[in-house]
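*Asks:* coordinates only, sequence not included:
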């Protein structure tokens, strides 16, 4: 059972790394080619949602950053 959980955890880690790489590539492509896929606009919408939520949004963002740094 432990080995299966370790395998799933490893896969999730690899998928997270892949997602981060794809986001970075999307941002670079958006900068170079006028945001063809809408990645930069999507990040802007996400940030505005955190800003619209006020303190709760700021707190949620801080929790996400701390959780990400822990890994």
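*Replies:* Received, thanks. These numbers were taken from a predicted model, which means no experiment stands behind them.
*Asks:* where does the chain dip in pLDDT?
*Replies:* Across the chain, residues meeting the criterion (pLDDT under 70) sit at 70-71.
*Asks:* Which parts of it are helices?
*Replies:* 2-32, 39-52, 55-70 (DSSP state H).
*Asks:* And for residue 28, the neighbour number?
*Replies:* Per other CB atoms under 10 Å, the neighbour tally for residue 28 reads 11. Just so you know, the C-beta spots here come from the backbone N, C-alpha and C atoms, and that holds for glycine as well.
*Asks:* For the residue nearest to residue 27 when sequence neighbours are not counted, give me its contacts.
*Replies:* Counting by CB to CB, 6 or more residues apart in numbering, residue 39 is the residue found nearest to residue 27 once chain neighbours are left out, at 5.7 Å. By CB atoms under 8 Å, 6 or more residues apart in numbering, residue 39 lies in contact with 23, 26, 27, 29, 30.
*Asks:* cutoff 6 Å now
*Replies:* 26, 27, 30 (CB atoms under 6 Å, 6 or more residues apart in numbering).
*Asks:* which among those gets closest to residue 65?
*Replies:* Checking these against residue 65 by CB to CB gives residue 27 as the nearest, at 18.0 Å.
*Asks:* Okay, that closest one and residue 33: tell me how far apart.
*Replies:* For residue 27, the distance to residue 33 equals 11 Å [CB to CB, to the nearest Å].
*Asks:* more crowded one of these two?
*Replies:* The neighbour count for residue 27 versus residue 33, taken as other CB under 10 Å, is higher for residue 27 (15 against 9).
*Asks:* Need the residue closest to the centroid of the protein.
*Replies:* What sits nearest the mean C-alpha location of the chain, by CA atoms, centre = their mean, is residue 20, with 6.5 Å.
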